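Enquirer: return atomic coordinates for the entry below.
(4 chains)
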There are 4 protein chains.
Amino acid sequence: MSDSGKLPNLASDAVLKQSVPVPDDFVEVSGIDYLKDSAYNMTAKDLISSMSRMGFQASSLAQACNIIDEMRSWRGKHKSELPEHEQVGEFDDEGRQKTTVFLGYTSNLISSGLRDTLRFLVQHKMVSGIVATAGAVEEDLIKCLAPTYMGDFTLPGKGLRDQGMNRIGNLLVPNDNYCKFEEWIVPIFDRLLEEQQEAVKKEGDGVLDAGSSAILTPSKIIDRLGKEINDETSVLYWAHKNQIPIFSPGLTDGSIGDMLFFHTFKASPHQLRLDIVADIRKINSMAMSASRAGMIILGGGLIKHHICNACLMRNGADYAVYINTGQEFDGSDAGARPDEAISWGKIKADARSVKVYADVTLVFPLIVAATFASEKGK
Amino acid sequence: MSDSGKLPNLASDAVLKQSVPVPDDFVEVSGIDYLKDSAYNMTAKDLISSMSRMGFQASSLAQACNIIDEMRSWRGKHKSELPEHEQVGEFDDEGRQKTTVFLGYTSNLISSGLRDTLRFLVQHKMVSGIVATAGAVEEDLIKCLAPTYMGDFTLPGKGLRDQGMNRIGNLLVPNDNYCKFEEWIVPIFDRLLEEQQEAVKKEGDGVLDAGSSAILTPSKIIDRLGKEINDETSVLYWAHKNQIPIFSPGLTDGSIGDMLFFHTFKASPHQLRLDIVADIRKINSMAMSASRAGMIILGGGLIKHHICNACLMRNGADYAVYINTGQEFDGSDAGARPDEAISWGKIKADARSVKVYADVTLVFPLIVAATFASEKGK
Amino acid sequence: MSDSGKLPNLASDAVLKQSVPVPDDFVEVSGIDYLKDSAYNMTAKDLISSMSRMGFQASSLAQACNIIDEMRSWRGKHKSELPEHEQVGEFDDEGRQKTTVFLGYTSNLISSGLRDTLRFLVQHKMVSGIVATAGAVEEDLIKCLAPTYMGDFTLPGKGLRDQGMNRIGNLLVPNDNYCKFEEWIVPIFDRLLEEQQEAVKKEGDGVLDAGSSAILTPSKIIDRLGKEINDETSVLYWAHKNQIPIFSPGLTDGSIGDMLFFHTFKASPHQLRLDIVADIRKINSMAMSASRAGMIILGGGLIKHHICNACLMRNGADYAVYINTGQEFDGSDAGARPDEAISWGKIKADARSVKVYADVTLVFPLIVAATFASEKGK
Amino acid sequence: MSDSGKLPNLASDAVLKQSVPVPDDFVEVSGIDYLKDSAYNMTAKDLISSMSRMGFQASSLAQACNIIDEMRSWRGKHKSELPEHEQVGEFDDEGRQKTTVFLGYTSNLISSGLRDTLRFLVQHKMVSGIVATAGAVEEDLIKCLAPTYMGDFTLPGKGLRDQGMNRIGNLLVPNDNYCKFEEWIVPIFDRLLEEQQEAVKKEGDGVLDAGSSAILTPSKIIDRLGKEINDETSVLYWAHKNQIPIFSPGLTDGSIGDMLFFHTFKASPHQLRLDIVADIRKINSMAMSASRAGMIILGGGLIKHHICNACLMRNGADYAVYINTGQEFDGSDAGARPDEAISWGKIKADARSVKVYADVTLVFPLIVAATFASEKGK
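Expert: Okay, the predicted model is just below:
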């Protein structure tokens, strides 16, 4: 191009290209209206409402709340209208079908103060089934025995190990907590082994039958631990109380696994047996029985895949909210968008779904405040 | 290890290692107390308060609010107590020294609905100086001419280009908006060039002097554009009104640059001149004059570095809040933690600083609601 | 600050602060020397060597290779020098102690072309034990039945589901592959159930004993599947052949889980039982027996935690290489740096460890080319 | 669902859904063939070739190399076939049109050992124009005066500041390096000011004309600094030598800005003037003149946007390779995929483009080894 003279059309045509008329259904981006009093020390509901047309993750957050509200409020037929074999899944107090809500979360969230929020959901029967990692099971119990503390992401590991302080991000768990956990859980394992031994004796060949009482599964043992802990601050306690199953197929991957390992020596040559086949039957059946299925998945890895996979059994969930920090570029399931799950039939093509890209602790307190806990006693 | 017999000490010693007694100043992790009525449809302040001991980014968010509150409330000496050459920096209405607050933000935040929140801060003189990208300057003006719309991250680029719809994440800007911007800004450039020409004539050799009126800088032109737009929804309008300088050393890197480029043809052989030396003098002087300096940096890249660099001139900021999604592992300044800035003298070693790892739109509305907008008229 | 006159000392002192003399052991950053012929179409070893002082993740990559080389080359005592109860762990062909190497990987890596590299390591006994997700087990088998194809991250889920094409990042797996898998695996499950039934009959109460042949575990079933697939392209085949155990405590979380679920109907009321207690005993024992323990962990989630946790049983691994895209800010174990594992006793304080922040497919081919496959037949 | 009986069709239909026949053009995922000798201590070209069908970022990396090879090898018409006004852009030694390649990089990459690779590209005229951040300009010069050293991401900032050691990720720059830089650059600024003063005197009103010698721009001053440094290890030196312009509109945002700031005091009341309008004219003109335009953008922020924006003037680049760690979810330009640039007309709809999600130091050495440096003297 010559360095003087007229602006070439090439540039002006490219830069000043006309656009088509804006379609009528286009929605304008907008933010908080500070002329309103509600813009000051905003409430959760007002914040979420103002974020819905803000763009980026603000909009996704608002959409997540919207989907959760729909998940919660959907009602189908009355039980009395249904043939008997369809009287499955979840019903509200008045007998109308409602959404079976699967909640998934990872260990770190129970270590964090979010545990109280997760317990709130379970205590008030706002979810129907849970998938949790091993750590997410045991840390709930351990917190009933001794607290977790605030730390810092940069505390050097060597010094911490010398002091017996275990770091989880910016949190610290004294190792004594795990010693207390061992003291608490070993007698329970002793009893469970006795019970299993008796059942095996009683049932003989029947131990491979579907309903065999000799069969311990992760969900059964978790239910039992919830009963034994008997502590109202515990997620497991309320899950037991409200008969909300907690699935954890990799239950040996954590402190419970350490204790089971130790127990194989204590009880040698006997060993507890934990079967994972009966649990896959149980969670899949739950998904298939659901009138509608909703997923709230906090974090990635096994808990994310497991809930999605269960929903494949019903040809897809109807609602899906993912909150995690994973990215899709490495092809991991952890980072996959809901649309990838649609290709598998794990989320319905016409389902409402959203992924919020965030550390869960940043957004879930706000989400719950604007939805499940928008009104006391609801 | 033999596969039977006693549990070796190796394992039990490692797993059940005793920890040192928990120091008295350790803080327990805790979450929302749902026994309180304030746990329902929570207010911003209550949410933030409940997040402070929650761990992970929830704690960082609470810390960010805490630092901002300290930044805002700090007061030093009264003007009358100071020798004349120290009567610089920011003072409150009663004449007491207060923090000079630098706010930095990137273009996408102005495209999003967060613009209203940023304008709120400027309108109410809650910040002292701003560093913005070129896009963050022009999109504020363009929004006065025509709206931005909600879109979707996955809309294919080819179809959008055919329609003249420009995508910014999950937002859409019709290209006509830029045509409107061109119509609006060209006459202003014409006037600016005339003024510059007159000043050059008048000043002769003096054009290289510090105070020369022939010198246009990014901050000067931005101030002028704020005056010309004359629209109360605009950040630039209020920045002009309240004499809050907006710095943007890379101002040609965007639509304004396109228009300046076009203008060089229109006005050929004359060209507007935009000097960036006078602006580096201005922002650095501002940092040096500050009694205390605080930084609120939303996003990464130039805006982050520029504010930090200005604060190096005073041997470091006193308060620093970073909010962005960058990571440190690639050695980028964008992803660097506040502690890296401490090594450079850009943040004081004893300053309060935090980085919140999040998309700004997710957390800044909540932060502002709990701090700057915690009470109307404050 | 007055806007004229002398530069205040404040700024010059801060900017031009003198540094301490550079310590003698400081290492200069350097890059590729293009004067050397080896800088052209570089070999893996030369690339890695040139990256070691390059900084950022390049240095971490070089360090990872260095640690792997040390892991591989370490030799301890000769078997004959050891008392009998210490003759455990791994030995080289000449009878000298060597490192027990744990390899962990997620499902997506087997779906990708990295499977060939993982198989290479197993085929040549370069690793001692493996932890894999359910998907990482089954996709290896399925690839023996039908291929996986290249796709694109942006292919819409609905259209794919309509066609029965499942997306994994930018890969596609036709759903027929899973149908073929079902046909292949069901007869194996039938036989396994028969065998389990016979064993139960034979053993009676003994089914809870440590060595009971009635006990099927994930590692046992995986070994059997490797035998049955009988295909030299398979990781599982070589793991069976070389008696390298593959652990997968969450084995039901994937297509194998679907098939086990289906099988509970086919075999009703009988059900296969898969016990996870015996496997935690097995992997932990392996870690405790190791003369030295090394970890190569590709990806996050369960596989990362499980290997680390096993190494806690020996008070920490001696070498650790993490490669993943997780970040620590959300407190997840997936994103935790090796230093967090040190606080838990999962990595020794004086161990050599590194995390490479990258999609595994980007770097692991290069790492293997420069280490395990640096010379043919080594 | 009843917990016994036949497997409902719902599940089997969903899980065993038949897929459409695999289209003929589908490409199978594959990896390294270890039967070949080339699989051992692989060369860059063989590695890249084996990664092309590996999936995830491995495929993207191979695609990046492929696009770069096409960018480099494309040839258009011979100069003699073109009318005079079209004899613009880049030509090869034989007079045939070739691609105008824009290279962008951030400061940290020059601090790292990648500087040698970037210099290699400039030295051998493999790129046509550069956009760099201020830091990327000055760190190249400073490295001619004193080295940068290896450090660690976790070194505490306070201790480093006390020692005058500045941290950049895992690198350290002694603050004395900046003192040396000041000594070196101040006399140059003195001369530049003298020259500018003389030109102003000579030109009078003409200082606002397009070709005025009184106008200093970032690209002009960078060219001068490259001449003055006169050091073959320097990128700037070779850029000067080969007349490859380096653009840096935000040139005051770094140590050069500090020195310019100091210089305004030294030369008071005179000040150097650095105009950014002439540079936007220059880079845009370059893009418009290009027969074909290619972009290689290493990192995000201003450098990414600036190259894309220049290519908008020609209705889009023909080739685009992005390498960075940014994510799109926050709506930042830094994290935007190439497809977003297509919506803006910055990349042509039919262009070849790819984004590699990685720290540049991890992959660019390999990319260059397999492309630009695949053969010596090419």
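Enquirer: how many neighbours does the nearest residue to A:Ala134 once chain neighbours are set aside have?
Expert: In this structure, A:Ala134 finds its nearest non-sequential neighbour in A:Gly254, 3.3 Å apart by CB to CB, 6 or more residues apart in numbering or on different chains. The way it works is simple: take the backbone N, C-alpha and C, and place the C-beta from them, glycine included. A:Gly254 has 24 neighbouring residues, counting by other CB atoms under 10 Å in any protein chain shown.
Enquirer: beta partners for the closest residue to A:Ser291 other than its chain neighbours?
Expert: In space, and not counting its chain neighbours, A:Ser291 is closest to A:Gln97: 3.9 Å by CB to CB, 6+ apart. Judged by DSSP bridges, the bridge partners of A:Gln97 are A:Phe91.
Enquirer: chain B versus A:Gln97, what's the distance?
Expert: 27 Å (CB to the nearest CB, to the nearest Å).
Enquirer: with A:Asn230 instead?
Expert: Counting by CB to the nearest CB, the gap from A:Asn230 to chain B is 19 Å.
Enquirer: doesn't A:Trp238 make contact with that residue?
Expert: No: A:Asn230 is beyond contact range of A:Trp238, at 11.2 Å (criterion: CB atoms under 8 Å).
Enquirer: so for these two, which sits in the more crowded spot?
Expert: Remark: of A:Asn230 and A:Trp238, A:Trp238 carries more neighbours, 21 against 11, as counted by other CB under 10 Å.
Enquirer: so the more buried one: helix, strand or coil?
Expert: helix (DSSP: H, G, I helix; E, B strand; the rest coil).
Enquirer: what residues are up against it?
Expert: A:Trp238 makes contact with A:Arg119, A:Val122, A:Gln123, A:Gly226, A:Glu232, A:Ile244, according to CB atoms under 8 Å, 6 or more residues apart in numbering or on different chains.
Enquirer: from chain D, how far off is it?
Expert: 24 Å.
Enquirer: then A:Ala320?
Expert: 16 Å.
Enquirer: wait, isn't that residue in contact with A:Lys304?
Expert: No: when contacts are counted by CB under 8 Å, A:Ala320 is not listed as touching A:Lys304 (10.3 Å).
Enquirer: can you report how many residues neighbour the residue nearest to A:Ser291?
Expert: Neighbour tally, A:Gln97, other CB under 10 Å: 23.
Enquirer: give me the common contacts of A:Ala320 and A:Lys304.
Expert: Joint contacts of A:Ala320 and A:Lys304 (CB under 8 Å, 6+ apart) are A:Ile297.
Enquirer: need the pLDDT of A:Val122.
Expert: On pLDDT, A:Val122 comes in at 98.
Enquirer: nearest spatial neighbour of A:Met54, chain-adjacent residues omitted?
Expert: B:Gly113 (3.3 Å).
Enquirer: sorry, back to before: which of the contacts of A:Trp238 fall within helices?
Expert: Those of those mapping onto helices are A:Arg119, A:Val122, A:Gln123, A:Gly226, per DSSP state H.
Enquirer: in TSV, list the residues you listed along with neighbour count and distance to B:Thr217.
Expert: Formatted as TSV, the ones in helices among the contacts of A:Trp238 follow (neighbours: other CB atoms under 10 Å in any protein chain shown; distance: CB to CB, whole Å):
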residue	neighbour count	distance to B:Thr217
A:Arg119	22	57
A:Val122	23	59
A:Gln123	20	60
A:Gly226	25	66
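Enquirer: ok, those residues vs chain D, which is closest?
Expert: Set against chain D, the nearest of these by CB to the nearest CB is A:Gly226 (21.7 Å).
Enquirer: which regions of chain A lie under the pLDDT threshold?
Expert: A:1-5, A:378 (pLDDT under 70).
Enquirer: can you list the residues of the stretch 201-350 of chain A near chain D?
Expert: A:210, A:281, A:284-285, A:288-289, A:312-316, A:327, A:329-331, A:345 (CB under 8 Å from any CB of the partner chain).
Enquirer: remind me what the helix or strand hosting A:Arg191 packs against, helices and strands.
Expert: Assessed by DSSP states H and E, A:Arg191 sits inside helix A:176-203. Helix A:176-203 sits against helix A:134-145, helix A:218-229, helix A:255-266, with contacts defined as 3 or more CB pairs under 8 Å, 6 or more residues apart in numbering or on different chains; DSSP states H and E.
Enquirer: and the angle from that helix to helix A:218-229?
Expert: 120 degrees (axes from the mean of the first three to the mean of the last three CA atoms, to 10 degrees).
Enquirer: tell me where the stretch 1-150 of chain A has helices.
Expert: A:9-15, A:44-51, A:56-73, A:107-111, A:115-123, A:134-145 (DSSP state H, counting those that start in this stretch).
Enquirer: so which of those helices is nearest D:Gln18?
Expert: Across these, D:Gln18 has its closest neighbour in helix A:56-73 (31.0 Å, CB to CB).
Enquirer: helices and strands around that closest one, which ones?
Expert: Using 3+ CB pairs under 8 Å, 6+ apart: helix A:56-73 touches helix A:44-51, strand A:96-105, strand A:292-298, strand A:317-324, strand A:347-357, helix A:360-370, helix B:360-370.
Enquirer: for it, C-alpha coordinates in PDB please.
Expert: Taking Å, rounded to 0.1, in the frame of the first residue of the first chain, the C-alpha atoms of helix A:56-73 are listed here in PDB:
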ATOM      1  CA  PHE A  56     -19.600 -14.100  30.700                       C
ATOM      2  CA  GLN A  57     -19.800 -16.200  33.800                       C
ATOM      3  CA  ALA A  58     -22.200 -13.800  35.500                       C
ATOM      4  CA  SER A  59     -24.900 -14.900  33.100                       C
ATOM      5  CA  SER A  60     -23.900 -18.500  33.500                       C
ATOM      6  CA  LEU A  61     -24.300 -18.200  37.200                       C
ATOM      7  CA  ALA A  62     -27.700 -16.700  36.800                       C
ATOM      8  CA  GLN A  63     -28.600 -19.400  34.400                       C
ATOM      9  CA  ALA A  64     -27.500 -22.000  36.900                       C
ATOM     10  CA  CYS A  65     -29.800 -20.600  39.500                       C
ATOM     11  CA  ASN A  66     -32.600 -20.500  37.000                       C
ATOM     12  CA  ILE A  67     -32.100 -24.200  36.100                       C
ATOM     13  CA  ILE A  68     -31.900 -25.200  39.800                       C
ATOM     14  CA  ASP A  69     -35.200 -23.300  40.400                       C
ATOM     15  CA  GLU A  70     -36.800 -25.200  37.600                       C
ATOM     16  CA  MET A  71     -35.400 -28.500  38.800                       C
ATOM     17  CA  ARG A  72     -36.800 -27.800  42.200                       C
ATOM     18  CA  SER A  73     -40.200 -26.600  41.200                       C
END
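Enquirer: so the residue nearest to A:Met54 sits right up against A:Arg53, yeah?
Expert: Yes: under the criterion of CB under 8 Å, B:Gly113 makes contact with A:Arg53 at 6.0 Å.
Enquirer: now the common contact residues for these two.
Expert: Residues touching both B:Gly113 and A:Arg53 by CB under 8 Å, 6+ apart: A:Val29, A:Ser30, A:Gly31.
Enquirer: which of those tops the neighbour count?
Expert: Counting by other CB under 10 Å, top hit in the shared contacts of B:Gly113 and A:Arg53: A:Val29 with 26 neighbours.
Enquirer: correct me, but it touches A:Arg53?
Expert: Yes: counting by CB under 8 Å, A:Val29 does reach A:Arg53; the two are 5.8 Å apart.
Enquirer: hmm, back to that, count of neighbours near the residue nearest to A:Met54?
Expert: 27.
Enquirer: and the gap between it and B:Gly135?
Expert: B:Gly113 sits 16 Å away from B:Gly135, going by CB to CB, to the nearest Å.
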